[in-house]
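# Fold the following and give me the result.
(2 chains)
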Protein chains: 2
Amino acid sequence: MFNMDRLYDAVEARGHVCVGLDTAPEYLPPKERRAASGDAAAVLLFNKAIVDATADAAACYKLQIACYEEMGLEGLRAYSETLKFIRSCGALAIADIKRGDIADTAERYARAHFAGEFEADFVTLSPYMGADSIEPWLSYVPEKGKGAFVLVRTSNRGMNDFENLTIDQGDTGHRGHRLYDVVGERLAGLASKYRGDSGYLAFGAVVGVNGSGPAARKEAARIRKNLGDLFFLVPGYGAQGGAAEDAAALLARGNGAVVNASRSVLKAWMGAAGGGAEDAGNGFAAEAARRAVVEMRDAIRAAAMAGGPAAGGGG
Amino acid sequence: MFNMDRLYDAVEARGHVCVGLDTAPEYLPPKERRAASGDAAAVLLFNKAIVDATADAAACYKLQIACYEEMGLEGLRAYSETLKFIRSCGALAIADIKRGDIADTAERYARAHFAGEFEADFVTLSPYMGADSIEPWLSYVPEKGKGAFVLVRTSNRGMNDFENLTIDQGDTGHRGHRLYDVVGERLAGLASKYRGDSGYLAFGAVVGVNGSGPAARKEAARIRKNLGDLFFLVPGYGAQGGAAEDAAALLARGNGAVVNASRSVLKAWMGAAGGGAEDAGNGFAAEAARRAVVEMRDAIRAAAMAGGPAAGGGG
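Predicted coordinates for the structure are as follows:
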């Protein structure tokens, strides 16, 4: 069974929230940080508490490896242990590593992140260097069911610099398309031989839309329609400014995407009653995280229902 | 002093070779691999021997982090120790990590790779997500002199998929340009406030050209002319098929680029007389590596001289 099908089922069962474990030591209750043998050890304990408290309300978890690399080797040990913990719970882990390199190197990266100490269920990939930087990862689909989300349309300001440029290749049918359209279509072609029971391909796309309003909603609908075979990983919720309605515009029949939230979940305890108290610990933080996840899950479900059959009603 | 100026001076003094320490355990003399406590420990000892033997003939070293990630946490320890060793010798180290992420994350990555256990002199970056994925790294130029090479035009087959697409943005002056031209020009603009004594900006570009012959040479000359402010990191020499003449076409007045070679240096011992013997060790491999580096250095210098003032004669 492809991991993308497992993710589809997780969305059906538990909603659309991907908890982003972009855990920085400064997000932890000070008491826990002081009590641990070091920041990396404290982050690992915090992560485990968050996963324990949210596993029945979240679709999956995403680890931004930068947060762990920043803490050096001990940080990467916490990264590895967090991945193992998530997967030992039967939950799905996305390694947000945005790798993209020549085929020989991609093979090495794939061995690093689809097996061994850093094994994840999904990775994120960057497409700049082309198809041969993605193909080696696809070879992990048939036997291990692994998945990936390739950067297509991101939600940061800089997406206008290159992703959003218009391509002029009349003879290849690309005239008038944006770079991110070309990337998305190429990705759908590359992954087309691995279609799961859910109808989605084994590899999907990172797609975010910045801003709310009719223009953003129209762009989201266009992308969702163009890339109907691709499951989406949607960044930018919460701290990055996205709202439930914006995320719902990227769904198809109530499924087809997970929506990542990190700081709004990890730091929820700071805004909770009692969160400033000296005795706030991981249990307190985990309960606040759980409430944030449930609230977000329900908001996206409601927005999907309100959006009618195309977005959410048909499931 | 910017590291890019140090690199320029290194090229003046020792030629254009960047030794790619993309060290896989299977490249090591079997005897050394058996004797070490593990593959990662063996790789570290091998790397040190290579650096010791080539430091007076190479401009710099580049570590492909995928090779180390593949070996897990112990591999990353070898990565960290290799970086420390190179820098303790006064040599320059490029971390080939091809990172590219939103600004918040880029700040974390920069702290990880421009300070602490993984500190390098340069990193490689991927531009897909735009300027705000590169800007946070630039903040390490003024105080620490750090450098980066951003992917512009790579030498793999897949470069035709996206990098080489033609952009149609008449109103922004991009009409008829390729994506990689737009990326290169944007990079030159971003880095323009950090110009070193060598005349090059603190951040440069990864530029390779696949194939030999007039068309490839013409493209190289065009890129070199368009991006005159950028120092180049040139991949694809040796095992990837590039030749000295192709590399020389990317030079300017005999400087302005380092040319990476990895397997042709690390595995040189396998083709050397006596390399098949059971008693071949790191010393033997290091001497073969040194000969390969010297040969490559001399070939590029000769090609640069043969290319006339534009390529090499003016220095």
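# where does chain A dip in pLDDT?
For chain A, the stretches flagged by pLDDT under 70 are A:169-175, A:239-242, A:275, A:277, A:308-315.
# redo that, cut-off 90
Chain A contains residues with pLDDT under 90 at A:168-177, A:209-218, A:236-246, A:272-279, A:306-315.
# Could you find the closest non-adjacent residue to the residue most central in space within it?
Geometric centre of chain A, nearest residue: A:Leu233, 4.6 Å, by Cα atoms, centre = their mean. Spatial nearest neighbour of A:Leu233, chain neighbours left out: A:Phe149 (4.1 Å); criterion: Cβ to Cβ, 6 or more residues apart in numbering or on different chains. (Glycine included, C-beta is placed from N, CA and C.)
# Over to A:Asn47?
In space, A:Asn47 is closest to A:Thr82, 4.6 Å off (Cβ to Cβ, 6+ apart).
# Quick check: buried residues in the helix or strand harbouring the one you found?
Using DSSP states H and E, A:Thr82 maps to helix A:72-88. For helix A:72-88, burial by neighbour count (16 or more other Cβ atoms under 10 Å in any protein chain shown) applies to A:72-83, A:85-86.
# For my notes, please list those residues in TSV and give distance to B:Glu185 for each entry.
Formatted as TSV, the buried residues of helix A:72-88 follow (distance: Cβ to Cβ, whole Å):
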residue	distance to B:Glu185
A:Gly72	36
A:Leu73	38
A:Glu74	41
A:Gly75	36
A:Leu76	36
A:Arg77	42
A:Ala78	40
A:Tyr79	36
A:Ser80	40
A:Glu81	44
A:Thr82	41
A:Leu83	40
A:Phe85	46
A:Ile86	42
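# So in that sheet, which strands flank the host helix or strand of the residue nearest to the centre of chain A, and in what orientation?
For A:Leu233, the element it lies in under DSSP H and E is strand A:232-234. Partners of strand A:232-234 in the sheet, by DSSP bridges, are strand A:203-207 (parallel), strand A:257-261 (parallel).
# before we move on, back to that, what's downstream of the helix holding A:Thr82, the next helix or strand?
With DSSP H and E, the next secondary element past helix A:72-88 is strand A:93-99.
# Against which helices or strands is that following strand packed?
Packed against strand A:93-99 by the contact rule (3 or more Cβ pairs under 8 Å, 6 or more residues apart in numbering or on different chains; DSSP states H and E) you find strand A:60-64, helix A:65-69, helix A:72-88, helix A:103-113, strand A:122-125.
# Let me have these in JSON lines, extended by distance to B:Ala112.
Formatted as JSON lines, the helices and strands packed on strand A:93-99 follow (distance: least, Cβ to Cβ, whole Å):
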{"stretch": "strand A:60-64", "distance to B:Ala112": "12"}
{"stretch": "helix A:65-69", "distance to B:Ala112": "4"}
{"stretch": "helix A:72-88", "distance to B:Ala112": "8"}
{"stretch": "helix A:103-113", "distance to B:Ala112": "17"}
{"stretch": "strand A:122-125", "distance to B:Ala112": "17"}
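# Which one of those lies nearest to B:Pro127?
strand A:122-125 (14.9 Å; Cβ to Cβ).
# If we go by neighbour counts, what in the closest one is buried?
Result for strand A:122-125 [16+ other Cβ under 10 Å]: buried residues A:122-125.
# filter the residues you listed by proximity to chain B?
Near chain B, judged by Cβ under 8 Å from any Cβ of the partner chain, there are no entries from the buried residues of strand A:122-125.
# excluding its backbone neighbours, what's nearest A:Gly238?
A:Ser264 (3.1 Å).
# quick revisit: nearest to chain B, of the buried residues of strand A:122-125?
A:Thr124 (9.3 Å; Cβ to the nearest Cβ).
# wait, what's in contact with that closest one?
Neighbouring residues of A:Thr124 by Cβ atoms under 8 Å, 6 or more residues apart in numbering or on different chains: A:94-99, A:148-151, A:206, A:233.
# got the contact list for stretch A:136-143?
A:2, A:103, A:106-107, A:109-110, A:114, A:123, A:125, A:146-148, A:190-191, A:194, A:202-203.
# thinking again about what came up before, I'd like to know which of the strands paired with strand A:232-234 is closest to A:Lys48.
strand A:257-261 (18.7 Å).
# With just CA atoms, put the helix or strand containing the residue nearest to A:Leu233 into PDB.
Here A:Phe149 sits within strand A:147-153, counting by DSSP H and E. Extracted in PDB, the C-alpha atoms of strand A:147-153 (Å, rounded to 0.1, in the frame of the first residue of the first chain):
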ATOM      1  CA  GLY A 147       6.000   9.100  -1.000                       C
ATOM      2  CA  ALA A 148       7.200  12.600  -1.800                       C
ATOM      3  CA  PHE A 149       5.900  16.100  -2.100                       C
ATOM      4  CA  VAL A 150       7.700  18.200  -4.700                       C
ATOM      5  CA  LEU A 151       7.800  22.000  -4.500                       C
ATOM      6  CA  VAL A 152       5.400  23.300  -7.000                       C
ATOM      7  CA  ARG A 153       3.700  26.500  -5.900                       C
END
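# follow-up on the earlier one: residues contacting the residue nearest to A:Asn47?
So A:Thr82 contacts A:21, A:43-44, A:47-48, A:51, A:63 (Cβ under 8 Å, 6+ apart).
# Residue numbers of the stretch 1-150 of chain A in contact with chain B?
A:22, A:24, A:64, A:66-67, A:69-70, A:72-73, A:76-77, A:80, A:98-103, A:105-106, A:108-109, A:111-113, A:116-118, A:126-133.
# ok, A:Lys98 touching B:Ile102?
No: using Cβ atoms under 8 Å, A:Lys98 is not in contact with B:Ile102; the gap is 10.0 Å.
# thinking again about what came up before, how close does the residue nearest to the centre of chain A get to A:Ala252?
14 Å (Cβ to Cβ, to the nearest Å).
# A:Phe2 too?
In terms of Cβ to Cβ, A:Phe2 sits 17 Å off from A:Ala252.
# Quick one: neighbours of A:Phe232, just the number.
26 (other Cβ atoms under 10 Å in any protein chain shown).
# And for A:Ala103?
17.
# swap in the one 10 residues further on?
The number of residues packed near A:His113 is 26, by other Cβ under 10 Å.
# Distance check, it against B:Thr23.
19 Å.
# Equivalent analysis for A:Ala268, please.
44 Å.
# In terms of packing, which of these two has more residues around it?
When neighbours are counted by other Cβ under 10 Å, A:Ala268 and B:Thr23 differ, and B:Thr23 comes out ahead with 28 against 24.
# what's the closest non-adjacent residue to that one?
B:Val43 (4.8 Å).
# who in the stretch 151-300 of chain A is up against chain B?
So the stretch 151-300 of chain A meets chain B at A:151, A:154, A:156-163, A:165-169, A:174-176, A:179, A:182-183, A:186, A:235 (Cβ under 8 Å from any Cβ).
# Please name the bridge partners of A:Ile94.
Applying DSSP bridges, one finds that A:Ile94 bridges with A:Lys62, A:Phe122.
# Just list the residues touching it, thanks.
Contacts of A:Ile94 by Cβ under 8 Å, 6+ apart are A:18, A:60-63, A:120-124, A:149, A:233.
# can I get these in CSV with distance to A:Ala243?
As requested, the contacts of A:Ile94 are exported to CSV (distance: Cβ to Cβ, whole Å):
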residue, distance to A:Ala243
A:Cys18, 16
A:Cys60, 21
A:Tyr61, 22
A:Lys62, 19
A:Leu63, 24
A:Ala120, 28
A:Asp121, 28
A:Phe122, 25
A:Val123, 27
A:Thr124, 23
A:Phe149, 21
A:Leu233, 17
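# between the residues you listed, which is nearest chain B?
A:Thr124 (9.3 Å).
# Now intersect the residues of the stretch 151-300 of chain A next to chain B with the strands, please.
Counting by DSSP state E, the part of those found in strands is A:Leu151.
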